[in-house]
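J.: Just need the structure, nothing else, for what follows:
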Amino acid sequence: VNNVSFIQPTTALLQAHFFGQSNGVYTPDFPTKPLVPFNYTGTPPNNTMVSNGTKVVALPFNTSVELVMQDTSILGAESHPLHLHGFNFFVVGQGFGNFDPNNDPTNFNLVDPVERNTVGVPSGGWVAIRFLADNPGWLN
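T.: Numbering: from 1, shown residues only. A predicted model of the protein is given here:
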């Protein structure tokens, strides 16, 4: 995700934060955009500059979050279901090809979007969801 390959920590993230022992478990520098953009649905580059790590992003309680999930052709395009634990979310848009942040949001359904807890990212495409971050996590 965003050029970071997740490493499963040996200590739970919430537990590490609660006991003030996050150093060595996770870092708070999860990138909000891909570090190395490329043509996600075309021929992948030889090196997508992926790093390994356990990175998080801190969201203030009750933040409205928009998340765009893009399928890639790195290992072959496929429709992949995704589930967001602890949340229902609204599917505000989806399409085929690479997500265009300048043009695709103009076609989002913000009037009556479908509510789901699982959504399939179209093969060779993208899906945009929105949710309210109201599930208490590790912020004080």
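J.: which residue of this protein sits farthest from its center?
T.: Note on the chain: the largest C-alpha distance from the chain mean falls to residue 19, namely 26.6 Å (CA atoms, centre = their mean).
J.: Now do that residue, the pLDDT please.
T.: Model confidence at residue 19, expressed as pLDDT, equals 84.
J.: phi, psi of the residue nearest to residue 114 when sequence neighbours are not counted?
T.: Leaving aside its sequence neighbours, residue 114 sits nearest to residue 91 (CB to CB, 6 or more residues apart in numbering; 5.0 Å). No exception for glycine: its C-beta is placed from N, CA and C like everyone else's. When read as degrees, to the nearest 10, the backbone of residue 91 gives phi -90, psi 110.
J.: wouldn't residue 91 be in contact with residue 117 here?
T.: No: using CB atoms under 8 Å, residue 91 makes no contact with residue 117, being 10.9 Å away.
J.: Between the two, tell me which one has more neighbours.
T.: Between residue 91 and residue 117, residue 91 has the larger neighbour count (other CB atoms under 10 Å), namely 17 against 11.
J.: so who does that one touch?
T.: By CB atoms under 8 Å, 6 or more residues apart in numbering, residue 91 lies in contact with 113-116, 119, 127-129.
J.: what about this protein, any weak spots by pLDDT?
T.: Along the chain, the model assigns pLDDT under 70 to residues 45, 47-48, 74-78, 137-140.
J.: how about the helices of it, start to end?
T.: In the chain, the segments counted as helices under DSSP state H are 13-18.
J.: Residue 99 and residue 127: what is the separation?
T.: Residue 99 sits 9 Å away from residue 127, taking CB to CB, to the nearest Å as the criterion.
J.: Quick one: neighbours of residue 40, just the number.
T.: 20.
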